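My questions concern the predicted model and sequence given below.
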Amino acid sequence: MALSAETARPPAQAPAPAPAPALAALPPGLMSAGLFALAERGEIRRYRKGTLLIQEGDQGETIFIILSGRLRAFSVGENDREITYGVYGAGEYLGEMSLDGGPRSASVITLEACQCAVVSRRTLERFIAERPEFAFELLAKVIRRARVATLNARQLALNDVYGRLKLLLGALAVLQADGTLRVAERLTHQEMANRLGCSREMVSRLMKDLERGGYVSVQDARLVLSKPLPQRW
């Protein structure tokens, strides 16, 4: 006997597809709900350490949402000296600055094996059309990075190398249970020089002086700030 309209059961809805393993493995809260939803629409790709994802000056219409590993954004001068703009990890994304149709403003390379969700401009446009509130999230990210760039330019113009080194170590150091400050990243003098916009030799000389003064030491391949760094050197 046929069921009436009142007793007929509605067709079962198909369950929502599970997120890709790389997305499912992310710690809760690492990404906003909007960014997570956008990453689900991207193509999950794996990259080896040392892979150049973005070449400064090239045209590009993709953004890279980092799911694991670390990326470094940088530029290379005519004398082959590099300057690092930032190091970015899981939950962050790069490449949005070229979505205005202009060339890439910096190069990006993997510092270790990485997984990224690669999203095309067309996919992003469709996503924003469906979720217009994400446009404000994207705009806020661009504004924050513009502020960071302004601060970095200010530091380069107004601080000497030691002043920039002091700010860098202070920003990277994490307070430990024993009251000391430890830099979590393993930084070589060359990597610090790239971030400070100076030569490796200058960083090595300053770090050796700070070690002799008892301000910094190396423990388990990590820098430890044993006491507050002096205002000037």
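Alright, I've got the coordinates.

Show me the shaky parts of this structure.
For the chain, applying pLDDT under 70 flags the ranges 1-19.

All the strands of it, residue numbers only.
43-47, 52-54, 62-68, 71-76, 82-88, 93-94, 107-110, 114-120, 173-175, 181-183, 216-219, 222-225 (DSSP state E).

mind checking which of those is nearest residue 161?
Closest of these to residue 161 is strand 82-88, at 13.0 Å (criterion: CB to CB). C-beta: built from backbone N, CA, C; applies to glycine.

Give me the angle between the closest one and strand 71-76.
160 degrees (axes from the mean of the first three to the mean of the last three CA atoms, to 10 degrees).

Now the strands of the chain in JSON lines, please, with extra columns for mean neighbour count.
Below are the strands of the chain laid out as JSON lines (neighbours: other CB atoms under 10 Å):
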{"stretch": "strand 43-47", "mean neighbour count": "15"}
{"stretch": "strand 52-54", "mean neighbour count": "18"}
{"stretch": "strand 62-68", "mean neighbour count": "22"}
{"stretch": "strand 71-76", "mean neighbour count": "19"}
{"stretch": "strand 82-88", "mean neighbour count": "18"}
{"stretch": "strand 93-94", "mean neighbour count": "22"}
{"stretch": "strand 107-110", "mean neighbour count": "20"}
{"stretch": "strand 114-120", "mean neighbour count": "21"}
{"stretch": "strand 173-175", "mean neighbour count": "13"}
{"stretch": "strand 181-183", "mean neighbour count": "18"}
{"stretch": "strand 216-219", "mean neighbour count": "14"}
{"stretch": "strand 222-225", "mean neighbour count": "19"}
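
Which among these is found nearest to residue 160?
strand 82-88 (16.3 Å).

if we can go back for a sec, pipe the strands of the chain into TSV and attach distance to residue 193 per row.
Below are these laid out as TSV (distance: least, CB to CB, whole Å):
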stretch	distance to residue 193
strand 43-47	25
strand 52-54	20
strand 62-68	24
strand 71-76	12
strand 82-88	8
strand 93-94	22
strand 107-110	16
strand 114-120	24
strand 173-175	18
strand 181-183	15
strand 216-219	16
strand 222-225	15
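
Can you say which of the ones you listed is nearest to residue 194?
From these, taking CB to CB, the stretch that ends up closest is strand 82-88, at 4.2 Å.

just the angle between that closest one and strand 62-68, please?
Using the same axes, to 10 degrees: strand 82-88 against strand 62-68 is 60 degrees.

Nearest to residue 233 among the strands of the chain would be which one?
strand 216-219 (12.0 Å).

List the strands paired with the closest one, with their directions.
Sheet pairing for strand 216-219, assigned by DSSP bridges, gives strand 222-225 (antiparallel).
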